[in-house]
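J.: Sequence and predicted structure below; questions after.
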Amino acid sequence: MASMEIYQRIVRETKRRRKVRREWKIEIPNDVMEEIVMRLPVRSIMRFQAVSKHWESMIKTRDFGARHMAHQRSKDPKLMLVSYGLSHIRFEQRDLETTSLEESLRLKTEKIEGAAMAISECCDGLVCYYRLTQAVEVVNPATETSLVSLPLAKFQQLHKDHPDRDMEQEIEAITDEDDGPDLVPFIFFTRFGFGKDSLTGRYKIVWLYNIYPATLNKKKKTRCEVFDLEERRWRFVTTRPLDHHQILSYQRPSFANGSLYWLTGDEQGYPSTQTKLIVFDIHTEMFQVTSTPPFISPDASGDKIGLCNLDGRLCISELKGDCTQEFWWRVEECDKWERIFSVNLISTSSWFGGIASQPLTPLAISRDNNKVVLSLTYHENLVDFDLDPDSTVYHLYYYGYYGFAVPYFPSLSLVDF
């Protein structure tokens, strides 16, 4: 009997404690939970999709992805080092301050022959890789997702080993100008621009290229194809405002504040001392040609002018005759240019094969240690520079093989495509 009483007492106590626990159960509001999840690493967030259908739908919304990206941009970017072999491409995410490897992704590709692989700038964590005659691939290294290979641009189709004559006729028929068809030209290779419509949130690839030889058409010098990742097709847009202008060949345009930027070249696409700035508004899909900013020498050759996106702003620099390079960036809020730093290429040349005649490109600025990371095209080393106005200290920042280096913010982009 005593045992039964003890048992019943235990049952009552257990029920009482369970009731207390239920009464003290903490319910976290959904908006607070979203704010917590938004601050987690991308791969952790991807795993949270398995919690419930509600969580999955929430994480896949553009609003959640945009807020996550805004939080990422409040911190230092990562550094994405890209390399490739005969049939693969590798993405390595490294910490900007320590260069330590954090994530890596190895993707199989078509066998790489002929023209080398090219890499676009990073836009919201998305990177494009492609070759002259190989379909563009859009990949998010953080989520390890990618779009199905894009169709070839007309530009690419014309450069296949055995071009289709019907395709050449199609190019003539759908040219965006109204001055009649012209001969199908050989086209200088140039890298496309990759950016985002700041109003609609759509990602677009913009491939602007020169018509060569220029004598084929004395007025029309360029053509431009645009690929909207939601429309999933290439289409021509007018380049009429660029009449009599060629772009500087082999450059990769820079995307900043809703626009893409190129430098102009001469009629062969080579550097000119009459350099202009080509601006393409991603939203309106319209071009304009402007003069370079007043701090650039009026007769500066295009190969001495640097153009890039630095910390989300358009950055322009000029390599002077004394081997100093001044860097300025656009302050959109007041529509002015601000000088941010200068470097002496004689001091950095020991890390770049003794070269002091080509402008350096700043990859990223670290807010944590007030340094900027500098690179030189076709050279593997990276150098960092202390941004203290009184400092002239340069350090070898990274040594090792890589094909391309781009500043990078891990994101959830592509999850809803």
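T.: On my side now, so go ahead. Here the structure is a predicted model, which means the values were calculated and not measured.

J.: any idea how far Pro407 is from the nearest residue to Leu376 once chain neighbours are set aside?
T.: Closest residue in space to Leu376, ignoring its immediate chain neighbours: Phe352 at 4.6 Å, by C-beta to C-beta, 6 or more residues apart in numbering. Any C-beta I mention is one placed from the backbone N, CA and C, and that applies to glycine too. As for Phe352, its distance to Pro407 is 19 Å (criterion: C-beta to C-beta, to the nearest Å).

J.: Then His244?
T.: Noted for His244: a distance of 35 Å to Pro407, by C-beta to C-beta.

J.: And for Glu34?
T.: Computed as C-beta to C-beta, the Glu34 to Pro407 distance reads 27 Å.

J.: Comparing the two, which residue is more hemmed in?
T.: Neighbours per residue (other C-beta atoms under 10 Å) separate Glu34 from Pro407, with Pro407 holding more: 22 against 17.

J.: you'd agree that one is up against Asp76?
T.: No - using C-beta atoms under 8 Å, Pro407 is not in contact with Asp76; the gap is 9.2 Å.

J.: Name the residues contacting each of the two.
T.: Taking C-beta atoms under 8 Å, 6 or more residues apart in numbering as the contact criterion, the common neighbours of Pro407 and Asp76 are Ala364.

J.: all helices of the stretch 301-417 of the chain, in order?
T.: Along the stretch 301-417 of the chain, counting by DSSP state H, counting those that start in this stretch, helices occupy 345-348.

J.: so who does the residue lying closest to Arg235 once chain neighbours are set aside touch?
T.: Closest residue to Arg235 apart from its sequence neighbours, by C-beta to C-beta, 6+ apart: Val226 at 5.9 Å. Listed by C-beta under 8 Å, 6+ apart, the contact set of Val226 reads 204-207, 234-237, 285.

J.: Now that we have those residues, can you turn them into CSV and tack on secondary structure?
T.: CSV is the format used below for the contacts of Val226 (DSSP: H, G, I helix; E, B strand; the rest coil):
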residue, secondary structure
Lys204, strand
Ile205, strand
Val206, strand
Trp207, strand
Trp234, strand
Arg235, strand
Phe236, strand
Val237, coil
Glu285, coil
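
J.: ok, Thr392 to Arg339 distance?
T.: Counting by C-beta to C-beta, the gap from Thr392 to Arg339 is 16 Å.

J.: for Cys315, same thing?
T.: Per C-beta to C-beta, Cys315 is found 11 Å from Arg339.

J.: list residues touching both of these two?
T.: Counting by C-beta under 8 Å, 6+ apart, the residues touching both Cys315 and Arg339 are 327-328.

J.: Give me the more crowded residue out of the two.
T.: A side-by-side neighbour count of Cys315 and Arg339, using other C-beta under 10 Å, places Cys315 first with 21 against 11.

J.: check contacts around the more buried one.
T.: Each residue near Cys315 by C-beta under 8 Å, 6+ apart is listed here: 254, 306-309, 327-330, 340, 362.

J.: The closest residue in space to it that isn't next to it in sequence pairs with what?
T.: On the basis of C-beta to C-beta, 6+ apart, the spatially nearest residue to Cys315 that is not a chain neighbour turns out to be Trp329, at 4.5 Å. In this entry, Trp329 is beta-bridged to Cys315, Glu338, by DSSP bridges.

J.: what's the neighbour count on Trp329?
T.: Neighbour tally, Trp329, other C-beta under 10 Å: 22.

J.: Low-confidence ranges, this protein, go.
T.: Applying pLDDT under 70 to the predicted model, the residue ranges of the chain that meet it are 1-11, 13-28, 112-115, 160-189, 212-219, 415-417.

J.: can you list the domains in it?
T.: Domain assignment for the chain, taken from automatic domain parsing, gives 2-63, 77-112+306-417, 151-291.

J.: want to throw those domains into TSV with distance to Val127?
T.: Formatted as TSV, those follow (distance: least, C-beta to C-beta, whole Å):
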stretch	distance to Val127
domain 2-63	14
domain 77-112+306-417	7
domain 151-291	8
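
J.: Looking at those domains, which is nearest to Asn140?
T.: domain 77-112+306-417 (4.5 Å; C-beta to C-beta).

J.: From the chain's centroid, how far away is the closest one?
T.: Once both centres are worked out by C-alpha atoms, centre = their mean, to the nearest Å, domain 77-112+306-417 turns out to sit 12 Å from its chain's centre.

J.: likewise stretch 47-56?
T.: Using C-alpha atoms, centre = their mean, the distance from the centre of stretch 47-56 to the centre of the chain it belongs to is 29 Å.

J.: Show me what it is in contact with.
T.: Under C-beta under 8 Å, 6+ apart, the answer for stretch 47-56 is 37, 40, 59-60.
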